[in-house]
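*Asks:* I would like the atomic coordinates for the input below:
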Amino acid sequence: MNRVFTRAPECTADDFNYEYTSCDASGERWRVAVPRPGRLCEGNVPFPQKGLNCSFSCSGGQYLDLKTQECRHCQAGSYSLGGGVRFEDFTDLPQGFQIENFARDGDEILAEVGVVAQTAAASTDCAKNGGWHVKDGFLIYVPTPCFSKLSYSGHLVRPGFVEYVYRMPKNNLGLVFNVIVKNEQCQSYRDQLKALMGETRDRSGSSKSGANGEWQTGRLELKSGPNVISWTVANSRESAGNLDPIVIGHIDVHGIAFTKSCTLCPAGTYSSDGATECTPCQPDHYSKRGTPQSCPKCPDEQYSGPKASSCIDRPKCTESDYYAVHEPCVDGKTKKSFKSVQPKVCRDDLPGAVKQPHSEPPIPCPKCNPGMHLNKEGACVFCDKDQYSDGNECTKCPVNTVPNYGYQYVWWNSLPPNMKTNCEFIDEESTSDCNIGEAWLPDGESIHTAPTHQPGVALELALAVPHGFKNPLVGTDVRISAQNPIGHLTFVFETRCATKDCALYFVEDSAEGNGFYRMVADFNGTVLKRAYTHPITRITGVKYMWAFLRSKSSAVDEFIADSATIYSINVTNAVAGGASACLPCPTSANPNRGCVPCEPGHYMTESTHICTKCPKDTMLNTTGDRIGVKSCIKCGDYLTSNDGVACTTDGNLLLTIGKNETRKYDMSALGGKRTYEASGVKVYSREGTSYYHMFNVSLFGGTATCRDTYDYNGDSLVKAAALAETTEAAVCRMTVLPLREGNTSHMIYVSPMGLVSRLIGISHKPEHQNIRLGEKELDYDGNDVANRPSDVHFFYDPSPVQSEACPQGQTVVITARCDPALTSAPQARLPRSCPDGTCDGCLYHILILSAHACPICTDSDYTEIRGECIAGFQSIHSIPAKHCILSGKQSRVREEPCTVFGVEVRIMIGISAAIAILLCALVIVVFRRNRRLEYKYMKLIEAKAGSDGMELPAAESCGLEEDENENEDDGERVIFAKGKKGFFSGGGGGRSKNRRTPMDTDRYDDRAAFVALEDDE
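*Replies:* The predicted structure follows:
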């Protein structure tokens, strides 16, 4: 078989692709030609050329043509960041990204006390549709009990930054979202502060970043070289099923090498030549991917929202496409008219369509809100200074009275002069104006959100208090707190939603709108008609805002029928507001001084208006009108008050334990100006980031202070010192962020929050009113009742701010626990079962361990041990029982005079001496009685011998001494008589006549005088 060989054509420049080699140590590289796949040619291979420096990149809107090594402008319909890259319109996971979803094994959250927090078991199966994944053109995080991490690895040729647009869930309690950057030395540098600002957020970095549920922009600086950016999310197992997803719209990485081509604009956007980004389409316009110059307009019979990729057919109009409004008063008349819901997307020319209703007949203008009146133009305006009204004519306040300025909105015939409405797209990239007219509509007895077909919008209602607050009946030296506010804002509202996804936010901002605001409260889902009260603690100007987001905001199937309604708004003590009444001034000795407030702790009598001090053991209710003795409230258990300002204790307590048992305490060393710090569990992520909560506590008689403290070095976010917040309360809390830059450590304290301010009772029982401590909070470590330590519980008034999770508000209980070993410095800590101070988010419990918390011993509670007697003194040691301590009178060691003999020895000696004396006396008595018997016996013998005529031997002794009287004891003589005769003669009982003595024997014969002796005698 013959083979035919043909010569390949010569290569041309179009037969090659061009690439750069890797950079060398000096930052140089070469451009080389690489044959295109599928091309067959020979010869004319371009020689390698020296390439541009590795740090080179084109400007934004350009790309580098490697064939000529020159920068060229992007064509219309595409864009370029120049030295950066944008990741958006996700259809799959882009190159360089990695997703890890894995079960937590306990090392993410560690307690600083060495206890590992409870986490999901390592064997937990992570759901395939949970964690980070790509969906509907976005990177989203679906809540899961597993730990999830989204990472991007890239090499930066120069310092740059990463910027990402994201949206957090509206209900993100229990969710920890961290963004970490690590460089080639594995040193972490990050924006720690912004993610943990808590209730205070910075809006200065983005035009529309802000509250949860809205799109926000995050940015972190990057260093040159390899960088790994990680978006990590962790949440509790209990909250995993109740959270909305986190959504990332796009990610920009700046500082990378050149880009070889421009990126096509995604659908719903367009661009011109040399664009650095694409422009979203306006409403009623649309575009496909890569659309140049402009977006085509939708046909008349169709419509679209902003950034649309297609148009939708207009439906026929229904009754819900129109709404009623009250027109301004003209010549004392007003009328109700109807308007179309904006943007108008329906058609009224279709069969069955509803036409716009006609206006109703004029009616008399209703009266204005209290403190206001109708001006000549028919508008409601505030009364002049020192005047008041009930909504009709203004009247000057009487002498010695002062207006109760404020805002009392109960009628909504028109929008009040200091209120405005606004509509804003929540999409971060939207440049369109939200032209729906009024976002909130007055409707006589209420004001409600406007129905609109515009998806993805926040409907805002703003109330401005530009001149701040002042209470004319309170002195300027009174400390303002949540329990003693300068005023209150109360609004009555309700929401009606298709799902729990809708939300009504209540936000506080400064009057100047300097970029920092505070999320006061939020309400999700349908909320039945209720009132919410916010204590005002700042006297400067302020702006309040209500923002309503409907269910599935920014989604195609958003529920446009969701609505929020506000029935009334009442703001007290607002300067330059309107007055509904005039309050009496306290009687003053100098009428020319004007209205002088009563001193703290004093109320004003109802009839004479004289300032009177509250009775003993009561305090003034500062949230009331301060008129009458009813304004004084009784102090709680074991609390006292002498000034009427506050109920407190000096620490000397006598608590009733049982029916007949009391315990005495001396806790004076624990109170006063002394404060204690207790830290919650420190939370770590796998990336090394950490934070924890710190509590500052004053037990009684003082206040604790929490304030913002910011670091001005390193890569952490810096907040202006003038905007730093300070909170004073009995118990306050802060979030602590430990930072480490190189060898230097910093501590940042943010989000100070006062928890409670007023002590309401003391008890040995773990319950008071509606507050009750459980076994978890008490932290007895499983001890039975007999072995539990002695506790004294200090209960504080719940905060006036209520929420759906805490309908009774948040409160604090501090337990002073007896620990005899802690005699010097008390120890404050949180319960081990509730390592962040609370087990339910509503009741906070703090333990203070000290010997000063032990009851004082009684006589039956301690044992005395006596030491050796040395030099006439003896040491006596008092050993208290386990549950009590000794008072000053019962000193642990004292000395008393003593002898060398102990008590027992002295007792034995005394007993021995007494026995010896008794024996001696007994010997003497026996001896004397023996001598008398001897004498009697001698006389008896002598008498016997004389009667027989016989001589007897002489007695050895006479039995008596010469000086003794033989008759000295006549009463003890024995008379012997004859026969059966007894001791007494005759039968009588007397002795005086018949008694005979031995001296009388001569009167009788022998037989009559003696009884005959027996023979043997």
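
*Asks:* ok, now how distant is the nearest residue to Cys346 once chain neighbours are set aside from Ala267?
*Replies:* In space, and not counting its chain neighbours, Cys346 is closest to Cys317: 3.8 Å by Cβ to Cβ, 6 or more residues apart in numbering. In this view, the C-beta of every residue, glycine as well, is placed from N, C-alpha and C. Separation of Cys317 from Ala267 (Cβ to Cβ, to the nearest Å): 29 Å.

*Asks:* higher neighbour count, these two?
*Replies:* Between Cys317 and Ala267, Cys317 has the larger neighbour count (other Cβ atoms under 10 Å), namely 22 against 18.

*Asks:* ok so, going back, ok, the residue nearest to Cys346 - contacts?
*Replies:* Counting by Cβ atoms under 8 Å, 6 or more residues apart in numbering, Cys317 touches 346-348, 350, 353-355.

*Asks:* What separation do you get for it and Cys311?
*Replies:* 18 Å.

*Asks:* Ok, Tyr937 next?
*Replies:* Applying Cβ to Cβ to Tyr937 and Cys311 gives a distance of 157 Å.

*Asks:* Comparing these two, which shows the higher neighbour count?
*Replies:* Set Tyr937 next to Cys311 and count neighbours by other Cβ under 10 Å: Cys311 wins out with 18 against 12.

*Asks:* residue contacts, the more buried one?
*Replies:* Counting by Cβ under 8 Å, 6+ apart, Cys311 has contacts 284, 286, 298-299, 302-304.

*Asks:* run the last query once more with 7 Å
*Replies:* When contacts are counted by Cβ atoms under 7 Å, 6 or more residues apart in numbering, Cys311 touches 286, 298-299, 302-304.

*Asks:* go on, Arg86?
*Replies:* Arg86 is in contact with 250, 252, 263, counting by Cβ under 7 Å, 6+ apart.

*Asks:* want to try CSV for those, with secondary structure, neighbour count and pLDDT as columns?
*Replies:* Putting the contacts of Arg86 into CSV (DSSP: H, G, I helix; E, B strand; the rest coil; neighbours: other Cβ atoms under 10 Å; pLDDT from 0 to 100) gives the following:
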residue, secondary structure, neighbour count, pLDDT
His250, strand, 20, 85
Asp252, strand, 19, 89
Thr263, strand, 21, 88
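
*Asks:* Including distance to Leu773, could these go into a markdown table?
*Replies:* Output for the contacts of Arg86, formatted as a markdown table (distance: Cβ to Cβ, whole Å):
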| residue | distance to Leu773 |
| --- | --- |
| His250 | 50 |
| Asp252 | 51 |
| Thr263 | 60 |
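
*Asks:* for the stretch 751-900 of the chain, which spans come out with low pLDDT?
*Replies:* Within the stretch 751-900 of the chain, the segments meeting pLDDT under 70 span 800-804, 859-862, 880-883, 886-892, 899-900.

*Asks:* So which residues of it form helices?
*Replies:* Taking DSSP state H, counting those that start in this stretch to define them, one finds helices in the stretch 751-900 of the chain at 775-778.

*Asks:* pLDDT (mean, whole number) over stretch 327-342?
*Replies:* If you average the pLDDT over stretch 327-342, you get 82.

*Asks:* Now that stretch: buried residues?
*Replies:* Using 16 or more other Cβ atoms under 10 Å as the test for burial, stretch 327-342 gives 329, 334, 336, 339, 341-342.

*Asks:* what do you get for stretch 380-400?
*Replies:* By 16+ other Cβ under 10 Å, the buried positions in stretch 380-400 come out as 380, 382-383, 387-391, 394, 397.

*Asks:* Likewise for stretch 285-305?
*Replies:* So, applying 16+ other Cβ under 10 Å, buried residues of stretch 285-305: 285-288, 290-291, 295, 298, 303-305.

*Asks:* For the stretch 251-400 of the chain, which segments count as strands?
*Replies:* Counting by DSSP state E, counting those that start in this stretch, the stretch 251-400 of the chain has strands at residues 263-264, 269-270, 279-280, 302-303, 312-313, 322-326, 333-334, 336-340, 363-364, 372-374, 380-382, 387-388, 395-396.

*Asks:* who does the closest residue to Glu88 other than its chain neighbours bridge with?
*Replies:* Leaving aside its chain neighbours, Glu88 sits nearest to His250 (3.6 Å; criterion: Cβ to Cβ, 6+ apart). The residues listed as beta-bridge partners of His250 by DSSP bridges are Val165.
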